[in-house]
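Chemist: Here is the input, now give the coordinates:
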Amino acid sequence: MKFHIFTFGCQMNVCDSDWIERALIARGWESASESGAQIFLINTCSVRDKPEQKVYSLLGRLRNYCRNRPETWVGVGGCVAQQIGRDFWRRFPEVRLIFGPDGVASVPDSLERLQAQPDLRISLLDFEDSYLERDAVPRAGGAAPQAFVNIMQGCDNFCTYCIVPYTRGRQKSRPSVRIIQECRDLIDSGVQEITLLGQNVNSYGLDAGGDGTGFAELLEQVCTLPGLKRVRFTTSHPKDIAPDVIEAFSRFPALCPGLHLPFQSGSNRILKRMNRKYTRESYLEIIQGLRRVRPDIALSTDIIVGFPGEFDADFRQTLEVMQEVGFDNSFSFKYSDRPGVRAASFQDKIPEADKSLRLSLLQKEQDRLTQKSLQGLVGRRLEVLVEGPSPKTPPDRGTSWKGREPGGRIVNFSDSGQDLTGELIPVKIVDAKKHSVFGEVDNT
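Modeler: Numbers count the residues shown, from 1 in each chain. This is a model prediction of the structure:
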């Protein structure tokens with residue numbers, strides 16, 4: 001069977017889709033283009049309204065394929081599937097499989113059942129009490145030098161704006177021995193950089209299913225694996241980041257000097273309404289601690305503008321935190337109601353025009369900060385892990401390559417040598433663009 005996967009949302013969805021694809025290929029299925037597929041799988045995100053609406057638009061487009069090819073049908077997974085559930089069957093008759101995040105491990109078996117029984121529909125929407133392990137599936141030769149590894153599922157924080165605990169369930173930590181074994185297998189397959197994934201990695205092991213290993217200990221075990229060059233982790237909640245995790249940035253050479261640490265708002269009043277359980281002051285103390293142990297650390301964040309009850313003064317405090325920290329990058333969004341969360345019932349909603357203006361001002365400031373960060377790399381010699389060819393460098397300078405320096409920023413460079421994918425290449429940065437830098441190989 002030929003299949004095509006569409007993936008929306010977070011890196012955990014990317015990781016899930018990658019596993020499903022490899023699992024199906026191992027069973028003899030074939031990944032195909034959209035126009036050539038017989039089965040479509042959509043891995044969805046509902047953390048904001050916009051990606052959810054994109055899913056419905058995509059389903060409308062895929063309906064035409066299903067009408068013209070009776071053997072063609074659709075499976076919908078991820079957070080929107082968990083949220084909408086079996087109602088998909090009423091609204092979209094071409095949907096035969098619905099699976100939530102806890103149902104991913106059962107998707108390959110379910111797809112084979114559905115192919116064998118044309119009148120069958122399957123839903124995989126139950127929340128599990130523990131992390132469900134998936135079959136080990138080898139990576140294909142020539143795969144990317146980076147890989148994601150899930151260390152947990154779900155979240156116990158219940159921020160008032162967030163739908164994740166309702167669509168991914170309560171926190172379930174994965175046994176550390178299985179995580180380490182997967183990392184070893186990835187290293188053996190040629191992976192040089194591993195990113196540990198979870199809704200809140202800093203709370204790994206704190207749930208009832210934990211095996212006694214905390215995140216700092218797990219991080220040490222991964223960072224010291226022979227042959228592994230780089231380690232990253234995401235996402236971190238500021239209320240749970242421990243001193244020994246901060247210290248890890250100075251202890252382990254493999255731990256990249258880059259961290260994504262959402263602060264969401266610079267106003268203590270709004271943070272309290274969001275149920276974030278930290279303050280502006282405690283967040284800035286964390287930043288100071290990180291820069292004390294790793295002065296060159298690159299920092300990114302998430303920010304919500306226009307949260308219910310946000311005054312202009314609250315927004316100005318958010319801009320102040322941005323400027324004080326000097327984030328290298330940020331992901332910013334206008335607040336949107338999500339079904340079932342506490343903030344949806346708050347009455348003091350912000351007009352759309354005000355939210356749009358604040359987002360524009362914030363993103364303009366972030367553009368300035370990003371440009372300053374990238375300009376600060378000019379003249380430095382950095383080790384770049386090459387991800388593959390790049391269209392960004394001028395053709396008269398030889399073959400173009402794209403990779404990331406230890407802080408995670410994109411580096412484009414040219415070299416006339418053989419395929420460099422997966423190689424660690426020393427590059428001297430000579431120019432800063434809007435969202436990346438350009439460099440030249442420096443073997444001195």
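
Chemist: for the stretch 101-250 of the chain, what spans make up the strands?
Modeler: Counting by DSSP state E, counting those that start in this stretch, the segments of the stretch 101-250 of the chain that form strands are 122-124, 146-150, 152-153, 172-173, 193-197, 230-234.

Chemist: In a helix, residue 89, correct?
Modeler: Yes - the assignment for residue 89 is a helix, going by DSSP: H, G, I helix; E, B strand; the rest coil.

Chemist: I figured it hits residue 97, correct?
Modeler: No - between residue 89 and residue 97 there is no contact, the gap being 10.1 Å when judged by C-beta atoms under 8 Å. Any C-beta I mention is one placed from the backbone N, CA and C, and that applies to glycine too.

Chemist: and these two? which has more neighbours close in?
Modeler: Legend: neighbour count by other C-beta atoms under 10 Å for residue 89 and residue 97, higher for residue 97 (24 against 16).

Chemist: Tally up the residues packed near the residue nearest to the more buried one when sequence neighbours are not counted, please.
Modeler: Spatially, and ignoring its direct neighbours in sequence, residue 97 is nearest to residue 75 (3.4 Å; C-beta to C-beta, 6 or more residues apart in numbering). Residues near residue 75, counting by other C-beta under 10 Å, number 25.

Chemist: List of residues touching the helix or strand containing residue 75?
Modeler: If you go by DSSP states H and E, residue 75 is part of strand 73-78. Residues from elsewhere that reach strand 73-78 (C-beta atoms under 8 Å, 6 or more residues apart in numbering): 8-9, 13, 16, 39-46, 55, 59, 62, 66, 88, 92, 94-101, 103-104, 107, 111, 114, 167.

Chemist: Moving C-terminal from that strand, which element do we reach first?
Modeler: Per DSSP H and E, the first helix or strand lying C-terminal to strand 73-78 is helix 79-84.

Chemist: Give the other helices and strands that that next one contacts.
Modeler: The contact analysis (3 or more C-beta pairs under 8 Å, 6 or more residues apart in numbering; DSSP states H and E) places helix 79-84 against strand 39-44, helix 49-68, helix 164-167.

Chemist: Mind listing residues that contact that helix?
Modeler: So helix 79-84 is in contact with 9, 44-47, 52, 55, 88, 98-101, 125, 163-164, 166-168, 339, going by C-beta under 8 Å, 6+ apart.

Chemist: same deal with stretch 273-289?
Modeler: So stretch 273-289 is contacted by 157-161, 238-239, 241, 243, 246, 261, 263-268, 271, 299, 304, 307-309, 317, 321, 324-325, 342-343, 346 (C-beta under 8 Å, 6+ apart).

Chemist: Relative to residue 216, how far out is residue 175?
Modeler: The span separating residue 175 from residue 216 equals 17 Å under the rule C-beta to C-beta, to the nearest Å.

Chemist: ok, for residue 240, nearest residue in space, not its chain neighbours?
Modeler: residue 202 (3.7 Å).

Chemist: Same list (the helices and strands packed on helix 79-84) but as JSON lines, adding distance to residue 255, mean pLDDT and mean neighbour count.
Modeler: What follows is the helices and strands packed on helix 79-84, written out as JSON lines (distance: least, C-beta to C-beta, whole Å; pLDDT from 0 to 100; neighbours: other C-beta atoms under 10 Å):
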{"stretch": "strand 39-44", "distance to residue 255": "29", "mean pLDDT": "97", "mean neighbour count": "24"}
{"stretch": "helix 49-68", "distance to residue 255": "31", "mean pLDDT": "92", "mean neighbour count": "15"}
{"stretch": "helix 164-167", "distance to residue 255": "26", "mean pLDDT": "95", "mean neighbour count": "20"}
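
Chemist: Output these as a markdown table; include the columns distance to residue 420.
Modeler: Shown next, in a markdown table, are these (distance: least, C-beta to C-beta, whole Å):
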| stretch | distance to residue 420 |
| --- | --- |
| strand 39-44 | 31 |
| helix 49-68 | 34 |
| helix 164-167 | 38 |
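
Chemist: closest one to residue 431 among these?
Modeler: helix 49-68 (33.5 Å; C-beta to C-beta).

Chemist: Using PDB, list the CA coordinates for the closest one.
Modeler: Taking Å, rounded to 0.1, in the frame of the first residue of the first chain, the C-alpha atoms of helix 49-68 are listed here in PDB:
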ATOM      1  CA  ASP A  49      -7.100  27.300  16.600                       C
ATOM      2  CA  LYS A  50      -5.200  28.000  13.400                       C
ATOM      3  CA  PRO A  51      -3.600  24.600  12.900                       C
ATOM      4  CA  GLU A  52      -6.900  22.900  13.800                       C
ATOM      5  CA  GLN A  53      -8.600  24.800  11.000                       C
ATOM      6  CA  LYS A  54      -5.800  23.800   8.600                       C
ATOM      7  CA  VAL A  55      -6.700  20.200   9.300                       C
ATOM      8  CA  TYR A  56     -10.300  20.700   8.300                       C
ATOM      9  CA  SER A  57      -9.200  22.500   5.200                       C
ATOM     10  CA  LEU A  58      -6.900  19.600   4.300                       C
ATOM     11  CA  LEU A  59      -9.600  17.000   4.900                       C
ATOM     12  CA  GLY A  60     -11.800  18.900   2.400                       C
ATOM     13  CA  ARG A  61      -9.100  18.700  -0.200                       C
ATOM     14  CA  LEU A  62      -8.400  15.000   0.400                       C
ATOM     15  CA  ARG A  63     -12.100  14.300   0.000                       C
ATOM     16  CA  ASN A  64     -11.700  14.800  -3.700                       C
ATOM     17  CA  TYR A  65      -9.100  12.000  -3.900                       C
ATOM     18  CA  CYS A  66     -11.400   9.700  -2.000                       C
ATOM     19  CA  ARG A  67     -14.300  10.400  -4.200                       C
ATOM     20  CA  ASN A  68     -12.300   9.700  -7.400                       C
END
